[in-house]
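# following is a predicted model, sequence given first.
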Amino acid sequence: MGSLKQLVYLNLSSNMLNGPIDSIPWENLVNLIDLRLYNNLLEGSIPSSIFALPLLKFLLFSHNQFSGQLHEFSDASSSYLLSLDLSSNNLEGLISSSIFNFHALESLNLSSNNFSAFPFNGPQQLKNLNEIDLSYNSLLFFYNGTTSSYSSFPNIVRLNLTSNKLRTIPDFLRYQSGLVKLDLSQNQIQGMIPKWIWGLDLFSLNLSCNSFSGHVPNFTTSVVDLHSNQLQGPLPSLTAEFMDYSRNHFSSSIPTDIGDSLFFLSLSSNNLHGIIPTSICNPRFLQVLDLSNNSLSGMIPRCLSAKESLGVLNLRGNNLTGRVSNLEFPGWCSLSTLDLSENQIKGNKGLWGPPLTVDNKAGLPPPPTVNGRPPNSGHHREVNWDLISTEIGFIFGFGVSIGSLVLCKRLSKWYYRAMYNIILKIFPQQERIGIHRRHVHINRRWRR
């Protein structure tokens with residue numbers, strides 16, 4: 001292969017290649033721009049000669065068995081490298097600050113390795129760096145600069161530090177005005193969430209599975225996950241699209257200020273009391289509602305049983321009253337998971353009858369339609385709930401059955417990736433987050 005000196009593009013990904021690659025004369029491939037060996041069984045160290053290729057822009061070696069430490073990148077200052085992905089390998093040790101000699105670097109993914117430290121003063125040299133994924137390592141945060149030099153950091157758009165050993169929130173983040181997605185979940189961070197976090201114009205914030213305490217103010221983030229912390233006080237307004245506040249110590253009634261864009265809400269395992277407000281039915285596309293294991297009382301709002309989008313309804317472990325017959329689910333509803341156990345609900349009338357089937361073979365009358373659509377289905381925003389409800393019912397039900405504490409460890413990567421894929425199905429416009437007010441454009445390639 002070393003004789004192919006005119007080679008510009010080499011893609012051997014998703015095969016069964018194995019063994020080391022250090023015997024290949026990589027230095028001869030002086031015209032190589034794009035090198036992709038991801039999803040194989042390659043092992044051994046990564047030759048430093050690859051990083052010295054003068055025209056290389058894309059280096060994608062993820063999902064292999066490469067091991068050892070990364071060598072010093074002494075010849076990288078003149079490199080054109082834009083994207084470096086070494087995720088899902090067995091690399092270890094300190095991440096050398098010389099990695100920031102790749103001045104053109106835009107995307108850095110070193111996730112799912114065994115790295116122990118990352119020099120956060122290094123990225124100052126990388127003015128184009130907009131995504132860093134260091135998740136699923138054993139990183140400790142350290143910074144050797146001064147507060148005044150924070151302003152020289154690049155404008156990072158996506159930062160993923162989930163499942164490391166961080167004990168504090170890196171302070172340089174307060175100056176990241178262009179940050180869109182921040183994930184600090186599954187670390188060892190304690191204390192109150194700093195106020196400046198809520199001032200960031202984020203699309204997605206994940207601080208779950210830490211030891212945060214204190215109150216949460218109202219905010220405008222679209223996707224927020226704070227589950228499995230020690231947060232207290234009243235709930236903030238529920239105006240986001242995805243909100244998981246489960247397994248905390250919130251103690252209030254459910255606020256009536258509920259936005260119409262909410263599609264996932266989990267308030268499970270808190271100290272909530274009072275009634276379920278009828279405004280819970282305001283969100284037009286509400287797909288998951290989990291209010292289980294609280295002290296809610298009163299009757300279940302009848303409007304919940306009329307929501308055709310609702311796929312998961314979990315109200316178990318409360319003090320809810322009323323009769324089952326008050327809940328009249330239409331034949332075309334998408335409900336795949338319903339748990340009303342451990343309440344004070346009476347009556348079994350309405351719990352019998354022919355089973356519902358997809359093709360309506362039970363002989364039940366079809367739901368009324370308006371121009372061929374169920375009533376209130378809308379015309380400008382189409383969501384195929386039939387395709388989504390079964391999938392989200394299984395995934396969410398699986399998460400409930402094994403508990404959030406387990407999800408904070410071994411299975412969270414699969415679980416939240418599956419939930420994120422469902423977010424894209426429900427709101428396909430988030431496939432590419434076009435935040436034009438900041439000229440931010442996030443592509444699928446950043447979510448490997």
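Right, received. Where do you want to start? Numbers count the residues shown, from 1 in each chain.

# make sure residue 303 is indeed in a strand.
No: according to DSSP: H, G, I helix; E, B strand; the rest coil, residue 303 belongs to no strand; its state is helix.

# so it sits against residue 281, correct?
Yes: using C-beta atoms under 8 Å, residue 303 is in contact with residue 281, at 3.8 Å. Every C-beta, even on glycine, is put in place using the N, C-alpha and C of the backbone.

# what about those two, which has more around it?
Shown here are residue 303 and residue 281; by other C-beta atoms under 10 Å, residue 281 has more neighbours (19 against 12).

# residues contacting that one?
Residues near residue 281 by C-beta atoms under 8 Å, 6 or more residues apart in numbering: 301, 303, 304, 306, 307.

# equivalent analysis for residue 11, please.
34, 36.

# got the buried residues for stretch 85-96?
85, 86, 87, 88, 89, 91, 92, 95, 96 (16 or more other C-beta atoms under 10 Å).

# hang on, the earlier thing: same list, the contacts of residue 281, but as a markdown table with pLDDT and distance to residue 177 please.
Output for those, formatted as a markdown table (pLDDT from 0 to 100; distance: C-beta to C-beta, whole Å):
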| residue | pLDDT | distance to residue 177 |
| --- | --- | --- |
| 301 | 92 | 41 |
| 303 | 89 | 40 |
| 304 | 90 | 40 |
| 306 | 84 | 43 |
| 307 | 86 | 38 |
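
# can you pick the most crowded of those residues?
Neighbour max across those (other C-beta under 10 Å) = residue 307, 24 neighbours.

# so it touches residue 285, yeah?
No: using C-beta under 8 Å, residue 307 makes no contact with residue 285, being 9.1 Å away.

# before we move on, back to that, just give me the closest of the buried residues of stretch 85-96 to residue 340.
The nearest member of those to residue 340, counting by C-beta to C-beta, is residue 88 at 41.4 Å.

# check which helix or strand that closest one maps to.
Using DSSP states H and E, residue 88 sits within no helix or strand.

# so it makes contact with residue 112?
Yes: under the criterion of C-beta under 8 Å, residue 88 is in contact with residue 112, at a separation of 4.3 Å.

# and the helices in this structure?
Using DSSP state H, the helices of the chain run over 48-51, 195-199, 385-402, 404-407, 412-426.

# give me the mean pLDDT for the longest one.
What that stands for is helix 385-402. Mean pLDDT, helix 385-402: 52.

# now do the last one
When pLDDT is averaged along helix 412-426, the result is 57.

# before we move on, what about stretch 225-242?
Stretch 225-242 comes out at a mean pLDDT of 95.

# distance between it and the chain's centre?
Offset of stretch 225-242 from its chain centre (C-alpha atoms, centre = their mean, to the nearest Å): 16 Å.

# that stretch: end-to-end distance?
8 Å (C-alpha to C-alpha, to the nearest Å).

# can you check stretch 46-56 too?
Using C-alpha to C-alpha, one end of stretch 46-56 lies 15 Å from the other.

# kindly report the same for stretch 20-28.
Stretch 20-28: ends 18 Å apart by C-alpha to C-alpha.

# so for it, what gets flagged as buried?
Buried-residue list, stretch 20-28, by 16+ other C-beta under 10 Å: 21, 26, 28.

# looking at the residues you listed, which is nearest residue 340?
The closest of the buried residues of stretch 20-28, once distances to residue 340 are taken by C-beta to C-beta, is residue 21, at 57.4 Å.

# grab the nearest non-local neighbour of the closest one.
residue 42 (5.9 Å; C-beta to C-beta, 6 or more residues apart in numbering).

# would you agree the one you found is in contact with residue 22?
No: Residue 42 is beyond contact range of residue 22, at 10.4 Å (criterion: C-beta under 8 Å).

# how far away is the residue lying closest to residue 295 once chain neighbours are set aside from residue 62?
Nearest non-adjacent residue to residue 295, counting by C-beta to C-beta, 6+ apart: residue 273, 4.6 Å away. Between residue 273 and residue 62 the computed distance is 48 Å (C-beta to C-beta, to the nearest Å).

# the two: which has the busier surroundings?
More crowded of residue 273 and residue 62, by other C-beta under 10 Å: residue 62, with 21 against 15.

# so, low pLDDT: which residues of the chain?
2, 76-78, 121-125, 141-153, 326, 330-332, 348-407, 409-448 (pLDDT under 70).

# go again using 50 as the cut-off
350-387, 389-390, 402, 405, 429-448 (pLDDT under 50).

# tell me the residue furthest from the middle of it?
In the chain, the residue that sits farthest from the middle, by C-alpha atoms, centre = their mean, is residue 3; the gap is 43.6 Å.

# contact partners for that one?
Residue 3 makes contact with residue 28, according to C-beta under 8 Å, 6+ apart.

# and it, how close does it get to residue 42?
Taken as C-beta to C-beta, the span from residue 3 to residue 42 is 21 Å.

# using CSV, list the CA coordinates for stretch 158-178.
Taking Å, rounded to 0.1, in the frame of the first residue of the first chain, the C-alpha atoms of stretch 158-178 are listed here in CSV:
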residue,chain,number,x,y,z
ARG,A,158,-20.6,20.7,21.5
LEU,A,159,-18.8,19.4,24.6
ASN,A,160,-19.3,15.9,25.8
LEU,A,161,-17.6,14.9,29.1
THR,A,162,-20.0,12.3,30.3
SER,A,163,-18.8,9.4,32.4
ASN,A,164,-15.5,10.7,33.7
LYS,A,165,-14.2,11.6,37.1
LEU,A,166,-14.8,15.4,37.1
ARG,A,167,-15.5,16.9,40.6
THR,A,168,-16.2,20.4,39.4
ILE,A,169,-17.7,22.1,36.4
PRO,A,170,-14.8,23.5,34.2
ASP,A,171,-14.9,27.2,34.8
PHE,A,172,-13.9,28.1,31.3
LEU,A,173,-17.4,27.0,30.1
ARG,A,174,-18.9,30.2,31.4
TYR,A,175,-17.2,32.1,28.5
GLN,A,176,-18.5,29.7,25.9
SER,A,177,-21.2,31.9,24.3
GLY,A,178,-21.6,29.6,21.3
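
# great, nothing more from me.
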